[in-house]
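Visitor: okay, predicted coordinates and the sequence, questions at the end:
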Amino acid sequence: MDLKTKYLGMELRTPLMASASPLSEDVATIKKLEESGASAVVLYSLFEEQLTKERVELHHHLTQGTDSFAEALTYFPEPSEFKLGPEEYLNHIRKAKEAVKIPVIASLNGTSTGGWTDYAKKMQQAGADALELNIYYIPTDMNLSSEQIEKTYIDILTSVKSVVSIPVALKLSPFFSNMASMAKKLDDAGADALVLFNRFYQPDIDLDSLEVRPHLLLSTTASLRLPLRWIALLYGRIKADMAATGGIHEVEDALKVLMAGASVTMLCSTLLRHGVNRIRILEQGIRAWMEEHEYESIQQLRGSISQKNCVAPTAFERAQYMKTLQSYKA
């Protein structure tokens, strides 16, 4: 049974990957993920705000008191001359690479080009096998057009791609006016993979304290429908690999996204709920299902139920929408 797959130019033992989560904060746990069968791991994200905060704090300490007398201005170089950055994250990449043989993918989380290019280079130098750009962005400016928003994504991708030689994946939200068009634009701009989709952790309101509170909910299998749909729609129409994330808990979930066209399945909530050994259970289940249904490889399975050969995908989607509404019986 051949479970090998290719993602970001790397041949992986299976399509079961560990996505960015608190599990990757500890090297010992990363080793456990490898031992349990994870074919690769995406590290927890380095946030753009962390980079900005460092710059602001360093500038404050370098310039504090320098207006007291003119000579003080020459004591220190300008803040722009310093090499800034959370060294802990870069050290974590190095330690993870020393500890495991599976690919280690670094993650940058932000909304603007900012210092991403500088840190992308540092992550590559630290040994990261690839980069995942997690663009978590909710536009609230009413004067900001959809074209400007899309350009931000393209600019981030092209700026990072211009300074690194390792593969780059983009983790996206589904909230574009035309997701298919956006996928094509990113594909044309050189994205090596699209990770579908980013989850928006929406806060709640505490009625006692009258404050906005964070409210984290782990995904359920129901979350799978959105990435499943778009992977099936895009398979064969873009060159970039596609990774499915969100809602993959059971063997059936992994099989569905692979048959839709995903190269890999990224696991998070199911590992947080059941432990890292869940990967081994999913792999055993995939092997058993493939043997029962006489599939010899993941490549034979992949994309077999996509819309690649559908002449009119929009009409097909419309028909499925109508069929779903009419299927309900009170």
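Guide: Ah, there it is.
Visitor: now the helix or strand hosting Thr117: buried residues?
Guide: According to DSSP states H and E, Thr117 maps onto helix 116-126. For helix 116-126, burial by neighbour count (16 or more other CB atoms under 10 Å) applies to Trp116, Thr117, Tyr119, Ala120, Lys122, Met123, Gln124, Ala126. Bear in mind the C-beta positions are built from the backbone N, C-alpha and C, glycine included.
Visitor: look up how far Leu186 lies from the second one.
Guide: I take that to be Thr117. To Leu186, Thr117 is 17 Å away according to CB to CB, to the nearest Å.
Visitor: do the same with the fourth one
Guide: To Leu186, Ala120 is 16 Å away according to CB to CB.
Visitor: now swap in the fifth one and tell me
Guide: Taking CB to CB as the measure, Lys122 and Leu186 are separated by 24 Å.
Visitor: pretty sure Lys171 sits in a helix.
Guide: No - counting by DSSP: H, G, I helix; E, B strand; the rest coil, Lys171 falls outside a helix, being strand.
Visitor: hmm, it is touching Tyr137, no?
Guide: No - between Lys171 and Tyr137 there is no contact under CB atoms under 8 Å: 11.3 Å.
Visitor: neighbour count winner among the two?
Guide: Per other CB atoms under 10 Å, whichever of Lys171 and Tyr137 has more neighbours is Lys171, with 26 against 17.
Visitor: ok, what's across the strand from that one?
Guide: Asn134, Val195 (DSSP bridges).
Visitor: measure it to Ser269 for me?
Guide: Counting by CB to CB - Lys171 and Ser269 are separated by 15 Å.
Visitor: give me every residue that touches Val251.
Guide: When contacts are counted by CB atoms under 8 Å, 6 or more residues apart in numbering, Val251 touches Leu282, Gly285, Ile286, Trp289.
Visitor: how about the strands in the protein?
Guide: For the chain, the strands defined by DSSP state E cover 5-7, 10-12, 16-18, 41-47, 104-110, 130-135, 168-172, 193-196, 204-206, 211-213, 241-245, 264-267.
Visitor: gap between the fourth one and the chain center?
Guide: For strand 41-47, the distance from its own C-alpha centre to the chain's C-alpha centre is 9 Å (CA atoms, centre = their mean, to the nearest Å).
Visitor: any regions of the stretch 201-330 of the chain where pLDDT drops low?
Guide: 201, 215, 309-326, 328, 330 (pLDDT under 70).
Visitor: let's go with 90 and repeat that
Guide: By pLDDT under 90, the low-scoring segments of the stretch 201-330 of the chain are 201-222, 305-330.
Visitor: ok, the stretch 1-150 of the chain next?
Guide: In the stretch 1-150 of the chain, residues with pLDDT under 90: 1, 45-88, 109-119, 135-141, 144, 149.
Visitor: for it, what spans make up the helices?
Guide: For the stretch 1-150 of the chain, the helices defined by DSSP state H, counting those that start in this stretch occupy 27-35, 48-63, 87-99, 116-126, 146-161.
Visitor: show me the one of those that comes nearest Tyr235.
Guide: Nearest to Tyr235 among these is helix 146-161 (20.7 Å), distances taken as CB to CB.
Visitor: so what touches the closest one?
Guide: Under CB under 8 Å, 6+ apart, the answer for helix 146-161 is 108, 110-113, 116-117, 120, 131, 133, 135, 137, 139, 168, 170, 172, 176-177, 182, 185-186, 189-191.
Visitor: run the chain-centre distance for that helix.
Guide: 16 Å.
Visitor: just want the most central residue of this structure.
Guide: Centroid check for the chain by CA atoms, centre = their mean gives Lys171 as the closest residue, at 3.8 Å.
Visitor: quick one: contacts for it?
Guide: Per CB under 8 Å, 6+ apart, neighbours of Lys171: Ser107, Glu132, Leu133, Asn134, Ile135, Val195, Phe197, Asn198, Thr245.
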